[in-house]
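J.: Fold the following for me, if possible:
(one chain, ligands or ions: 1)
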Amino acid sequence: MAATLPPPAHVAIIMDGNGRWAQQHLRPRAFGHKAGRLAVDRVVTACAQRGVKTLSLYAFSTENWRRPPHEVKVLMELIEAALREEAAKMQRNDIRLRVLGDRLPLSGSLRDAIDAAETLTAACSRMDVVLAINYSGQWALIETARRLAQAAAAREIVPTTLDEQTFAAYRPMPDLPPVDLLIRSSGEMRLSNFHLWELAYAELWFTDVLWPDFGEAQLDAAFAAYHHRDRRFGALSHS
Ligand code: FPP
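T.: Numbers count the residues shown, from 1 in each chain. Have a look, this model is predicted:
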């Protein structure tokens, strides 16, 4: 029975459709993002209850700066408020919050909120929530390449012996595990520059449900589909 099977260890979610949800409700886009935040709360709780070990959420991509300044402001304020308001609850639930992305362009107050939430939850071990902020998969790959080039110049590594393990160790978050299941809401079927390295062998699951309507039912449907997949990792099937 699907419910007794272990959940995917690392679930990554592209939370899409806030704008269209707001439009359907004849409300401004900010209304959709606020409803999206409530869906984040639901999904974090549900994933922890189901035994997921890492939940990656694509909160703000490096490309999202191209949105109108007002919407960027709304998103940044929502993320900051969520960090400030949810950190204590995460700590109580033994959930560690980690932020992945280039923090330098973020506001001082958002960076402070990130630092505070990461510090408060640093010792928690039930589940990691990895919040991708000002993140893209290509940014992470370029950042890794930069670090490897520096290490090579300092003769810490030998370029000809570079392998997958060494490459992975120089990523911005070296211990980020491979993604087992990628979920994207709202009917779009793209990776949109999310975890490119970590998605190498991920199973992909798409739903037409818009992110603010996403909840336990969609999560369980995604997990049930995942359990029916034959993950071969390039080898032959066991069955
Ligand atoms: C995509 O919807 C969603 C985002 C760009 C950001 C995700 C942000 C949230 C869920 C808000 C709160 C986040 C946290 C972590 C507290 P869209 O605007 O692209 O929707 P559309 O494609 O329908 O326009």
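J.: Going along the chain, name the strands of the protein.
T.: Using DSSP state E, the strands assigned to the chain run over residues 10-14, 54-61, 95-100, 127-135, 181-184, 203-206.
J.: Adjacent strands (with direction) for the last one?
T.: In this case it means strand 203-206. In the sheet containing strand 203-206, the strands it pairs with under DSSP bridges are strand 181-184 (parallel).
J.: Can you point out the buried residues in the partner strand?
T.: For strand 181-184, a neighbour-count test (16 or more other C-beta atoms under 10 Å) marks 181-184 as buried. C-beta coordinates here come from the backbone N, C-alpha and C atoms, glycine included.
J.: Kindly report the same for stretch 120-135.
T.: 120-121, 124, 127-135.
J.: Same check on stretch 224-237?
T.: For stretch 224-237, a neighbour-count test (16+ other C-beta under 10 Å) marks 225-227 as buried.
J.: Report pLDDT for the residue located most distally from the centre of the chain.
T.: Distance from the centre of the chain peaks at Arg155, with 33.5 Å (C-alpha atoms, centre = their mean). Here the pLDDT value assigned to Arg155 is 97.
J.: ok, it - contacts?
T.: Contact partners of Arg155, counting by C-beta atoms under 8 Å, 6 or more residues apart in numbering, are absent.
J.: So it versus the ligand, what's the distance?
T.: Distance, Arg155 to the ligand, by C-beta to the nearest ligand atom, to the nearest Å: 41 Å.
J.: quick one on the thing from earlier: with distance to the ligand and pLDDT as extra columns, can I get the buried residues of stretch 120-135 in CSV?
T.: Converted to CSV, the buried residues of stretch 120-135 look like this (distance: C-beta to the nearest ligand atom, whole Å; pLDDT from 0 to 100):
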residue, distance to the ligand, pLDDT
Leu120, 16, 98
Thr121, 15, 98
Cys124, 17, 98
Met127, 15, 98
Asp128, 14, 98
Val129, 9, 98
Val130, 11, 98
Leu131, 6, 98
Ala132, 9, 98
Ile133, 8, 98
Asn134, 12, 98
Tyr135, 12, 98
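J.: Relative to Trp65, which of those is nearest.
T.: Set against Trp65, the nearest of the buried residues of stretch 120-135 by C-beta to C-beta is Asn134 (7.9 Å).
J.: My guess is the closest one contacts Asp102. True?
T.: Yes: here Asn134 reaches Asp102: they are 4.9 Å apart, a contact under C-beta atoms under 8 Å.
J.: Tell me how many other residues crowd the residue nearest to Ile183 when sequence neighbours are not counted.
T.: Leaving out its chain neighbours, the residue that sits closest to Ile183 by C-beta to C-beta, 6 or more residues apart in numbering is Ile13, at 4.7 Å. Ile13 is surrounded by 26 other residues when neighbours are defined as other C-beta atoms under 10 Å.
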